[in-house]
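> Structure of the sequence below:
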Amino acid sequence: MMSKMVRHAALGLAIGCAALQSVHLQAAGPARIVSTSPSITETLFALGLGDRVVGVSAFCRFPPEVLRLPKVGTFLKPDAELIAGLRPDLVVVHELSTGIDRRLISLRIPFVVVDRGTLASVFSSIRQIGAGAGVPARADSLVADIERRLDAVRRAASAAPHPRVLFIIGRNPGTLADLVAVGPGSYINDLIEIAGGTNVLAITGQPEYPRISMETVLRLDPDVIVDTVDMGETEAERRLRQPINERLWSGYGTLTAVKTRRLHAATTDALVVPGPRVVDAAEWVAALLRERSGR
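Next up is the predicted model:
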């Protein structure tokens, strides 16, 4: 609680300092915006603010226009000097970006801090960004549209079977060691539920992203396994992961998901970018859960 109060106080100070320099922002909204994460960038473009974005994080890939924009570091470690060099009048930062708020305050650059990845935080972040950029009505409209489309996915999935799902988001490359999976209270867990699945690790007391062993996977024996590791940068690259993943998991033929060929490589990066493409991600999960057996 105290850290949030400090963060909010810092935000107020930063905006207050910037207001002395940039009074026009209150009337027209910021003209030069820097984003420090993929989800923030996608939100800015979804709000129709793409022409104002002058810098993005090194991991931003969507929409394709961002590939030509200057990079300002990663979302965990944005570079304040690179940001300042772009002369922004608004920076949108992720709450996990350590220390950047203090640097932006010292540089007298206004900023907004957005929450991390749950479905609820997708909506709150859209509204925070919309307010900071001077387009709150657009943000409300975007949230309403996303909620409407997610409700359609939820309704379509409600009458179908609810397969038990395991989502793998981390492991040692080329092996099934050091598995990291999706637990409760996370963005992907919300997607699984909307799409009509049951997350096998949505257990009270389980962390959002637990580390698990293959013994745990064998004990849980999920109906569906989704492996998002080594996704690649394009959909074509991601589709190439399917046979590779099948070979990797083939040594565990007693698993229901392996026997029935319901082992899937992720083909959309919307799964790991909690932003306005959440509907695309939910529809992708719903489609694979509707499959009764493999391809």
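> for residue 48, what are its contacts?
Contacts for residue 48 (Cβ atoms under 8 Å, 6 or more residues apart in numbering) come out as 135, 138. No exception for glycine: its C-beta is placed from N, CA and C like everyone else's.
> Can you classify it as helix, strand or coil?
For residue 48, the assignment made with DSSP: H, G, I helix; E, B strand; the rest coil gives coil.
> Please tell me how far it sits from residue 35.
Separation of residue 48 from residue 35 (Cβ to Cβ, to the nearest Å): 14 Å.
> What does residue 286 show for phi and psi?
phi -60, psi -40 (degrees, to the nearest 10).
> what does the lengthiest strand in the chain rub up against?
Across the chain, the longest stretch assigned as strand under DSSP state E is strand 164-170. For strand 164-170, the external contacting residues (Cβ under 8 Å, 6+ apart) are 178-182, 188, 192, 197-201, 209, 217, 220, 222-229, 257, 272, 289.
> Which of those fall within helices?
Members of the contacts of strand 164-170 lying in helices (criterion: DSSP state H): 188, 192, 217, 220, 257, 289.
> What about the last one, how many residues nearby?
Same thing as residue 289. 24 (other Cβ atoms under 10 Å).
> Can you verify my assumption that it contacts residue 157?
Yes: taking Cβ atoms under 8 Å as the definition, residue 289 is a contact partner of residue 157 at 7.3 Å.
> Between those two, which contacts overlap?
Counting by Cβ under 8 Å, 6+ apart, the common neighbours of residue 289 and residue 157 are 195, 196.
> which stretches of this structure form strands?
Under DSSP E, the chain gives strands at 33-35, 53-55, 90-94, 111-114, 164-170, 179-181, 198-199, 211-212, 224-227, 263-265.
> Mean pLDDT lowest where, among those?
Per-segment mean pLDDT for those reaches its minimum on strand 263-265, at a mean of 88.
> packing partners for that strand?
strand 224-227, helix 241-249 (3 or more Cβ pairs under 8 Å, 6 or more residues apart in numbering; DSSP states H and E).
> Poorly predicted segments of the stretch 1-150 of the chain, please.
1-28 (pLDDT under 70).
> quick one, helices of it?
Along the stretch 1-150 of the chain, counting by DSSP state H, counting those that start in this stretch, helices occupy 2-21, 25-28, 38-46, 80-85, 100-106, 119-132, 136-158.
> Output these as CSV; include the columns distance to residue 70 and mean neighbour count.
Output for the helices of the stretch 1-150 of the chain, formatted as CSV (distance: least, Cβ to Cβ, whole Å; neighbours: other Cβ atoms under 10 Å):
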stretch, distance to residue 70, mean neighbour count
helix 2-21, 20, 13
helix 25-28, 21, 11
helix 38-46, 12, 26
helix 80-85, 7, 16
helix 100-106, 16, 19
helix 119-132, 20, 20
helix 136-158, 25, 15
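> quick one, which of those helices is nearest to residue 249?
The closest of the helices of the stretch 1-150 of the chain to residue 249 is helix 136-158. By Cβ to Cβ, the value is 25.3 Å.
> Packing partners of the closest one?
Going by 3+ Cβ pairs under 8 Å, 6+ apart, helix 136-158 lies up against helix 119-132, helix 187-194, helix 278-290.
> per-domain residue ranges of the chain.
Domain assignment for the chain by automatic domain parsing gives 2-140, 159-290.
> rewinding a little: for the longest strand of the chain, which positions count as buried?
164, 165, 166, 167, 168, 169 (16 or more other Cβ atoms under 10 Å).
> next one: stretch 193-207
193, 194, 195, 196, 197, 198, 199, 200, 201, 202, 206.
> Between the two ends of that stretch, how far is it?
17 Å (Cα to Cα, to the nearest Å).
> one step back: okay, the helices and strands packed on helix 136-158 in a markdown table with distance to residue 56 next?
Formatted as a markdown table, the helices and strands packed on helix 136-158 follow (distance: least, Cβ to Cβ, whole Å):
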| stretch | distance to residue 56 |
| --- | --- |
| helix 119-132 | 14 |
| helix 187-194 | 20 |
| helix 278-290 | 19 |
